[in-house]
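Below are the sequence and a predicted model; questions follow.
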Amino acid sequence: MIDHVYISVTNIERSLAFYVEALKPLGWSPVGNYDSASGPQGVPDLYGVGDDVFGSGKAIGSSIWLRQRKLGETGLYVGIVCDTNELVDAAYAAAIKAGGTDEGEPADRTYFASGYYAANVADFDGNRLEFVHKAWNPKHS
């Protein structure tokens with residue numbers, strides 16, 4: 001199950017307005033912004049739109065986070081739901097063994113939220129995967 005996607009855009013304000021309006025009929029709405037000043041270097045400012053259960057703890061929600069595109073940047077960033085921290089560890093290890101590039105070993109990412117545990121890898125073309133366990137999410141089937 002996909003947890004979240006980062007989309008790099010050239011104009012945050014215009015793109016955020018687009019995604020909010022385009023997804024409104026599906027029950028999606030703005031879910032807030034993440035100010036990168038509170039996190040580690042390399043984590044960008046993020047502007048979020050989420051479905052009607054995102055962050056509720058009632059079910060696993062989905063979200064899209066917009067980030068300012070950097071010159072020459074390409075690729076996709078996809079967060080994939082893991083039911084436990086151990087599954088984050090296992091997926092990360094498997095991705096590295098398969099030839100992926102480390103972009104952040106498994107660890108708590110409390111700068112996003114308490115109970116947010118994740119690991120990051122890149123594929124051969126610079127597309128990025130985040131394996132993430134959010135402690136507040138119920139297990140999915």
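That came through, no problem. Residues are numbered from 1 along each chain as shown.

Mind listing what's buried along stretch 64-84?
By neighbour count with 16 or more other Cβ atoms under 10 Å, stretch 64-84 contains the buried residues 64-67, 69, 77, 79-82. Where you see a C-beta, it was placed from the backbone N, CA and C, and this is true even at glycine.

Span of stretch 121-137 from start to end?
End-to-end span of stretch 121-137 (Cα to Cα, to the nearest Å): 22 Å.

got it, and stretch 104-122?
Distance between the two ends of stretch 104-122: 10 Å, counting by Cα to Cα.

could you pull out the strands for this structure?
Assigned by DSSP state E, the chain shows strands spanning 2-9, 29-34, 46-50, 63-68, 77-81, 101-108, 116-122, 128-134.

Mind putting those strands into a markdown table with mean pLDDT and distance to residue 21?
Below are the strands of the chain laid out as a markdown table (pLDDT from 0 to 100; distance: least, Cβ to Cβ, whole Å):
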| stretch | mean pLDDT | distance to residue 21 |
| --- | --- | --- |
| strand 2-9 | 89 | 15 |
| strand 29-34 | 92 | 11 |
| strand 46-50 | 93 | 10 |
| strand 63-68 | 91 | 13 |
| strand 77-81 | 89 | 23 |
| strand 101-108 | 96 | 32 |
| strand 116-122 | 94 | 29 |
| strand 128-134 | 91 | 27 |
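
quick one, which of those is nearest to residue 92?
Nearest of these to residue 92, taken as Cβ to Cβ: strand 116-122 at 3.7 Å.

contacting residues for the residue nearest to residue 65 when sequence neighbours are not counted?
Leaving aside its sequence neighbours, residue 65 sits nearest to residue 46 (Cβ to Cβ, 6 or more residues apart in numbering; 4.2 Å). Residue 46 sits next to 6, 33-34, 36, 65-67 when contact means Cβ atoms under 8 Å, 6 or more residues apart in numbering.

again, but for residue 127
By Cβ under 8 Å, 6+ apart, the residues touching residue 127 are 75-78.

likewise residue 36?
Counting by Cβ under 8 Å, 6+ apart, the residues that residue 36 touches are 43-46.

before we move on, what about residue 103?
By Cβ under 8 Å, 6+ apart, the contact set of residue 103 is 120-122, 128.
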